[in-house]
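Asks: Following is a predicted model, sequence given first.
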Amino acid sequence: MKGKFGNTTPFLHQLSFVLIVWIMLDSLFLLDMAGRHDMSYRKREMYGDDSLVTLLFAGDVMGHKPQVDAAYDRATGQYDYSDCFRYVEPYIQSADFACANLEVTLGGPPYTGYPCFSSPDALLFEVQNTGFDLLFTANNHVLDRGKKGVERTIKMLDSVGMPHAGSYVDSISCDTSYPIIMDVKGLKVGFINATYGTNGIKEKAPNVVNKLDTVQMARNLERLDEMGADLKVAVLHWGNEYELKGNKSQLRCAQSLVNHGADLIIGGHPHVVQNADTIFNASGEPIVLYYSLGNFISNQQKLETKGGIMVKVTVNRFTGHVEATEYIPYFVFIGTIHGKHQYYVVPCVPYLNGAYDFSLPKHDSTLLHTEYNAISRRLSNFTQSTE
């Protein structure tokens, strides 16, 4: 076709091609939106109109020898941890889903603390009774009791029906069960879990421990997409012990995971509460990064190691979008409450507000207040729970 502008046929062909591509892309977008709408509708039919799901993350469950000794009941000859989590149990039970880092082996007797941990099975039983739904095992102490410790820990977790991620009897069990997806009121939450190392101890074949390999973790995140995860969470054992701020290496690792689709990053290992950040994915969406939650329970005595945080994450279960996060500071009190000497995880805010029927000794009360103030300053850019 010719006109005063010359031969316009190539131009019309190009225009037609562009219009066809635009229509196809628009149709795909509408189909995707329709699919998401249909999924949201089906979830609402199945689970009701309550759109929010709460996830709770706790830090390092440690088992130093004095903790083991404190749990021993001479009268029964058994181990009892039931008092340890009494005051944090309401937070854990009220969450739709709760998880923590199990930083001991369940390697059987003799029970030992640092440097090679092996705790009584009673610790696992109480962690489960408290309300935890998933435990992570990729940490630097997972090989403390060697191959036997790895395999017995997994056997015990499986025997009580406790889902877990991070270490495996062999590559077959790893390939078939990792990464893991948990259904939380219709929200498919996918988790990856890895550690920087295992204190120089190498796993013996055929055991598998997930390591901090950004290439492999990117593949795991991609697999979670293929498995239909609505939310992808990376739980990482990393950083430098006792440092109060995340480092550049952690940030680079986090950014890599976010670039490959991670929606939330929770860290541990330094045994102290580190700062938290918001980083951005390729679409410019903000992603929350907590570098380290600190110890959940331990016998560590340095000031900053006696406090920690739980992180409550509120997610829209129809969209998989993180709506809010807030942290809950607590203090590990080693002493006597109501005549029972034990290790107690005491939430700071209710204690400071006089909500409990006990008072800590003056020294411990001062330490609790000091820990609370330090954590509040360090996380001043994030929301603290008022409960």
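Replies: Cool, got the structure.
Asks: CA only for contacts and neighbour counts going forward, please
Replies: Fine.
Asks: And the pLDDT for Phe11?
Replies: On pLDDT, Phe11 comes in at 46.
Asks: secondary structure class for Glu126?
Replies: helix (DSSP: H, G, I helix; E, B strand; the rest coil).
Asks: ok, now how distant is it from Tyr178?
Replies: The span separating Glu126 from Tyr178 equals 25 Å under the rule Cα to Cα, to the nearest Å.
Asks: neighbour-wise, which of these two wins?
Replies: In this comparison of Glu126 against Tyr178, neighbours counted by other Cα atoms under 10 Å, the higher total goes to Tyr178 at 23 against 17.
Asks: How about the more buried one: what's its closest non-neighbour residue?
Replies: Take Tyr178 and drop its neighbours on the chain: the residue closest to it by Cα to Cα, 6 or more residues apart in numbering is Ala165, 7.0 Å away.
Asks: partner residues bridging the one you found?
Replies: Bridge pairing for Ala165 (DSSP bridges) gives the partners Phe136.
Asks: my read: it touches Ile181, true?
Replies: No - counting by Cα atoms under 8 Å, Ala165 does not reach Ile181; the two are 10.1 Å apart.
Asks: Next, show the common contact partners of those two.
Replies: Any residue near both Ala165 and Ile181 by Cα atoms under 8 Å, 6 or more residues apart in numbering counts here, and that gives Phe191.
Asks: I'd like the domain boundaries of the chain, if you could list them.
Replies: Using automatic domain parsing, the domain ranges for the chain come out as 2-41, 51-378.
Asks: so how far is the longest one off the chain centroid?
Replies: Read it as domain 51-378. For domain 51-378, the distance between its averaged C-alpha position and the chain's averaged C-alpha position is 6 Å (Cα atoms, centre = their mean, to the nearest Å).
Asks: could you list every residue that touches Gln78?
Replies: With contacts taken as Cα under 8 Å, 6+ apart, Gln78 has the following neighbours: Tyr72.
Asks: ok, now with 10 Å
Replies: For Gln78, the contacting residues are Ala71, Tyr72, Pro120, Ala122, by Cα atoms under 10 Å, 6 or more residues apart in numbering.
Asks: again, but for Phe333
Replies: Contacts of Phe333 by Cα under 10 Å, 6+ apart are 84, 297-299, 306-307, 341-346, 360-361, 364-365, 367-368.
Asks: Thr314 too?
Replies: Neighbour list for Thr314: 51-56, 95-96, 320-326 [criterion: Cα under 10 Å, 6+ apart].
Asks: Looking at the contacts of Phe333, which are in helices?
Replies: Among these, the residues falling in helices (DSSP state H) are Asp364, Ser365, Leu367, Leu368.
Asks: for those residues, which one is nearest Val88?
Replies: For Val88, the closest of the ones in helices among the contacts of Phe333 turns out to be Leu368, at 15.2 Å, with distances computed as Cα to Cα.
Asks: Skipping adjacent residues, who's closest to the closest one in space?
Replies: Using Cα to Cα, 6+ apart, the closest residue to Leu368 is Phe331 (5.8 Å).
Asks: Now do that neighbour against Asn199, distance only.
Replies: With the distance defined as Cα to Cα, Phe331 ends up 27 Å from Asn199.
Asks: need the ones in helices among the contacts of Phe333 in JSON lines with pLDDT, can you?
Replies: Written out in JSON lines, the entries for the ones in helices among the contacts of Phe333 read as follows (pLDDT from 0 to 100):
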{"residue": "Asp364", "pLDDT": "97"}
{"residue": "Ser365", "pLDDT": "97"}
{"residue": "Leu367", "pLDDT": "97"}
{"residue": "Leu368", "pLDDT": "98"}
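Asks: most surrounded residue in those residues?
Replies: Counting by other Cα under 10 Å, top hit in these: Leu368 with 26 neighbours.
Asks: gap between it and Cys348?
Replies: The separation that Leu368 has from Cys348, given Cα to Cα, amounts to 7 Å.
Asks: which residues are in contact with both of the two?
Replies: Here Leu368 and Cys348 have Gly307, Pro329, Tyr330, Phe331, Val332 as joint contacts, going by Cα under 10 Å, 6+ apart.
Asks: who wins for neighbours among these?
Replies: Looking at those with neighbours defined as other Cα under 10 Å, the largest count falls to Gly307 at 33 neighbours.
Asks: thinking that residue is in contact with Ser292, fair?
Replies: No - between Gly307 and Ser292 there is no contact, the gap being 11.8 Å when judged by Cα atoms under 10 Å.
Asks: shared neighbours, those two?
Replies: Joint contacts of Gly307 and Ser292 (Cα under 10 Å, 6+ apart) are His271, Val272, Val273.
Asks: Using a markdown table, please lay out those residues together with pLDDT, distance to Asn101 and secondary structure.
Replies: Putting those into a markdown table (pLDDT from 0 to 100; distance: Cα to Cα, whole Å; DSSP: H, G, I helix; E, B strand; the rest coil) gives the following:
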| residue | pLDDT | distance to Asn101 | secondary structure |
| --- | --- | --- | --- |
| His271 | 98 | 12 | coil |
| Val272 | 98 | 14 | coil |
| Val273 | 98 | 14 | strand |
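Asks: Next, format those residues as JSON lines and append distance to Asp263 and neighbour count.
Replies: Listed next are the shared contacts of Gly307 and Ser292 as JSON lines, based on distance: Cα to Cα, whole Å; neighbours: other Cα atoms under 10 Å:
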{"residue": "His271", "distance to Asp263": "24", "neighbour count": "29"}
{"residue": "Val272", "distance to Asp263": "23", "neighbour count": "30"}
{"residue": "Val273", "distance to Asp263": "21", "neighbour count": "33"}
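Asks: can the residues you listed go into TSV with extra columns for distance to Ala218?
Replies: Formatted as TSV, the entries for the shared contacts of Gly307 and Ser292 read as follows, by distance: Cα to Cα, whole Å:
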residue	distance to Ala218
His271	26
Val272	27
Val273	26
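Asks: from those residues, which is closest to Lys245?
Replies: Taking Cα to Cα as the measure, Val273 is the one of those closest to Lys245, at 8.3 Å.
Asks: bridging residues for that closest one?
Replies: Judged by DSSP bridges, the bridge partners of Val273 are Leu293.
Asks: Arg377 is in contact with that one, correct?
Replies: No - contact status for Val273 versus Arg377: not in contact, 11.1 Å apart, counting by Cα under 10 Å.
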